[in-house]
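S.K.: A predicted structure for the sequence below; I have some questions about it.
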Amino acid sequence: MTDNDSIKAEVLRAFEGLVDASKALDPGRYLDYIDQEKFTGLGADGKVWHAFEDLEKLISAGFQMVQKIVSLEFSNVKVTVIDASTAILVNEYRQTILLKNAGTVQQAGGGTQVWSRSGNGWKLVSISASDAGPRAEAVF
């Protein structure tokens, strides 16, 4: 196994841990995968998160609204190694969630994550998301 293959495997394991935390609706464990000092990101709504606290508020509030993750599937996952301490993971996703108010939400889209080696593990330093919902008014 090459160094790049080893790094890809490590990042995929970290990603799987993040997904498991999402499915368990465990915001604390989910947020443990985020580098609190270096984090910045972009949500599917086009709003930026300039600090860990911005994402923390969103994740904590969002997880509290969900009764159950009905399904959460990732496809077209690819890890690109930049160097020994940086990798980019891109994916497409599809999910169905049951809200505590009994409503059901279906979402699909894609994401880009920048992972950075932190000690012996990997932490997210950036996330960006896209929503694959219909866009009748889109100009491009």
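M.R.: Now that the structure is in, tell me what you want to look at. Numbers count the residues shown, from 1 in each chain.
S.K.: Could you look up the next helix or strand downstream of the longest strand seen in the chain?
M.R.: The residue-count maximum for a strand in the chain (DSSP state E) belongs to strand 66-83. Per DSSP states H and E, strand 66-83 leads on to strand 86-99 as the next helix or strand towards the C-terminus.
S.K.: what is the orientation angle of the helix or strand just after that next one with strand 66-83?
M.R.: Later in the chain than strand 86-99, the nearest helix or strand by DSSP H and E is strand 104-118. Orientation of strand 104-118 against strand 66-83 (axes from the mean of the first three to the mean of the last three CA atoms, to 10 degrees) gives an angle of 30 degrees.
S.K.: what pairs with strand 104-118, and is each one parallel or antiparallel?
M.R.: With DSSP bridges as the test, strand 104-118 is paired with strand 86-99 (antiparallel), strand 121-131 (antiparallel).
S.K.: Can you say which of those is nearest to residue 13?
M.R.: Shortest distance between residue 13 and these, using CB to CB, is found for strand 121-131: 8.3 Å. Backbone N, C-alpha and C define where each C-beta goes, glycine included.
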